[in-house]
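> Predicted model and sequence below, questions to follow.
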Amino acid sequence: MDLFNIDQMDGFEFEHYIAELLRKHGFIVEETKKTGDGGIDLLAFSNEMLYKGKYVIQCKRWSGTIGAKEVRDLYGVVLSENANKGLFITNSFFSEQAISFSDGKNIELIDRSRLFELINNPIDKKVSIAGIDKSSFISNSNFETEKFEYYKTRLSKDKRNIANWRDLHNFLISYLENRDMEILFSGVLDELLNTCFELEKLTEKLKWQERLLVAPSHMDDTTEFTLLLLGRFDEVFERRYKYLRVRSGQRIMQPRSRIPSLSHRGITEINMANMLIILSKLDFKSAARYVLTVCENILNYNKLNSISMNAEPLMNHIVESAKKELLSTEHQSNFGVLFLPWKTDTTFDIKQVIHCWPTNLDFSEIEKRLDLLMSLKE
């Protein structure tokens, strides 16, 4: 992509292009609602050391000079959002007043020349997972590239269409169910996760009955399982559960989702069990004991309230195995696989999954984060 082609884009196309560019630089990016000037165009999140946190981004495909007023508006949003930094990205240039205003503030101005550098000298985030190029699935002979590009073209024409995102989601999830590890860990999991985030954003204000009609089956569980496969289990821990005190005096984690519990099918519980398996495998004993208690509470609650779940025998087995392991003085994980929540006869070898995790994953920092989450009160 060159600057001439960027100059031909409309505003929304420019925003989408910048979102994709930031993803190539390792950010998780949410494209916000298109409400016109003055709002946030993009929200970006980083888990990288030194850069971890939230960023707000204003994108402006412009033929004139960006003035101080626009930069001042962005700074106000940075403060209200309590963000690490604000990024103002344009294909044009900033006035001297705009540059002067940003000086000493947590705002970064990226003008035409710096955008050119960003495009042509990207930070190498594509080789972050076990040395695998995270865009190489496109050239894999076993990947249906034409179909993928067809879905992406539809989205480029109408990014607010839930059906377009759902079709892409269902296409990508077929590779998850087929367990093609080479394709999954060369970028498909990242594409699937981004698709899930976009669908969540588009459906978040719908009533749960409407959401069930338009969202893909198991969307929430797909998001969580994909995060687990990518080694981001601490995000799953924080994302779906909050801490409550139950009558027994024990803490139990409850779903944040407004969707009624799927506990009668055992889908939600299997992701809890998967997290227990990962924590046990990594010997995170404190967090594993915590999740074990949660899993036991779920099983007990379902029994007391006569709620049946198809996956109950499997979850009972995982819980009992975890108990034995946590009582052992030596670390000897009995778990060999993770279970696809809605299709538990489909499993993923956990050693193979861990081998594909980012080489820079800091387990000590993750364990500290889990300890912090466990210490939180409602």
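Sure thing, it's come through.
> Helices of the stretch 51-200 of the chain, start to end?
Under the criterion DSSP state H, counting those that start in this stretch, helices of the stretch 51-200 of the chain are mapped to 68-81, 96-102, 112-120, 145-157, 162-178, 181-183, 189-203.
> okay, those, which one's buried deepest?
helix 189-203 (a mean of 21; mean count of other Cβ atoms under 10 Å). Where you see a C-beta, it was placed from the backbone N, CA and C, and this is true even at glycine.
> report the angle between the axes of it and helix 162-178?
Angle of helix 189-203 versus helix 162-178, following axes from the mean of the first three to the mean of the last three Cα atoms, to 10 degrees, is 140 degrees.
> Show me what whatever helix or strand residue 302 lives in is packed up against.
Assigned by DSSP states H and E, residue 302 belongs to helix 285-304. Contact partners of helix 285-304 among helices and strands, from 3 or more Cβ pairs under 8 Å, 6 or more residues apart in numbering; DSSP states H and E: strand 251-255, helix 267-281, helix 312-327, helix 363-375.
> Quick check: residue 173 vs residue 192, distance?
Using Cβ to Cβ, to the nearest Å, residue 173 is found at 7 Å from residue 192.
> Tell me the residues that contact both of the two, please.
residue 222 (Cβ atoms under 8 Å, 6 or more residues apart in numbering).
> Would you enumerate the residues in contact with the most centrally placed residue in the chain?
In the chain, the residue lying closest to the centroid (Cα atoms, centre = their mean) is residue 193, at 5.5 Å. Shown in contact with residue 193 (Cβ under 8 Å, 6+ apart): 223, 226, 227, 230.
> Distance to residue 279, pLDDT and neighbour count added to the residues you listed, as CSV?
Shown next, in CSV, are the contacts of residue 193 (distance: Cβ to Cβ, whole Å; pLDDT from 0 to 100; neighbours: other Cβ atoms under 10 Å):
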residue, distance to residue 279, pLDDT, neighbour count
223, 19, 90, 22
226, 18, 93, 24
227, 14, 91, 22
230, 16, 91, 21
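> Buried residues in stretch 203-222, which are they?
Residues of stretch 203-222 classed as buried: 203, 211, 215, 216, 218, 219, 220, 221, 222 (neighbour count, 16 or more other Cβ atoms under 10 Å).
> Looking at those residues, spot the one nearest residue 311.
Checking the buried residues of stretch 203-222 against residue 311 by Cβ to Cβ gives residue 221 as the nearest, at 11.7 Å.
> Need the nearest residue in space to the closest one, chain neighbours excluded.
Once flanking residues are discounted, residue 221 sits nearest to residue 341: 4.6 Å by Cβ to Cβ, 6 or more residues apart in numbering.
> how many other residues sit next to the one you found?
When neighbours are counted by other Cβ atoms under 10 Å, residue 341 registers 26.
> Wait, it touches residue 223, no?
No: here residue 341 does not reach residue 223: they are 10.9 Å apart, not a contact under Cβ atoms under 8 Å.
> Tell me, how many residues neighbour residue 290?
21.
> Correct me if wrong: it contacts residue 373.
No: using Cβ under 8 Å, residue 290 is not in contact with residue 373; the gap is 9.1 Å.
> Next, residue 14: secondary structure please.
With DSSP: H, G, I helix; E, B strand; the rest coil as the basis, residue 14 sits in helix.
> So it sits against residue 58, correct?
No: counting by Cβ under 8 Å, no contact exists between residue 14 and residue 58, whose distance comes to 11.2 Å.
> So for these two, which sits in the more crowded spot?
It is residue 58, of residue 14 and residue 58, that has more neighbours when counted by other Cβ under 10 Å, with 25 against 21.
> So for stretch 184-194, mean pLDDT?
Taken as a whole, stretch 184-194 has an average pLDDT of 90.
> gap between the two ends of it?
End-to-end distance of stretch 184-194: 14 Å, with Cα to Cα, to the nearest Å as the criterion.
> Give me the angle between the helix holding residue 302 and helix 312-327.
If you take the same axes, to 10 degrees, helix 285-304 sits at 150 degrees to helix 312-327.
> Please state the offset of helix 285-304 from the chain centre?
Centre-to-centre, helix 285-304 and its host chain are 25 Å apart (Cα atoms, centre = their mean, to the nearest Å).
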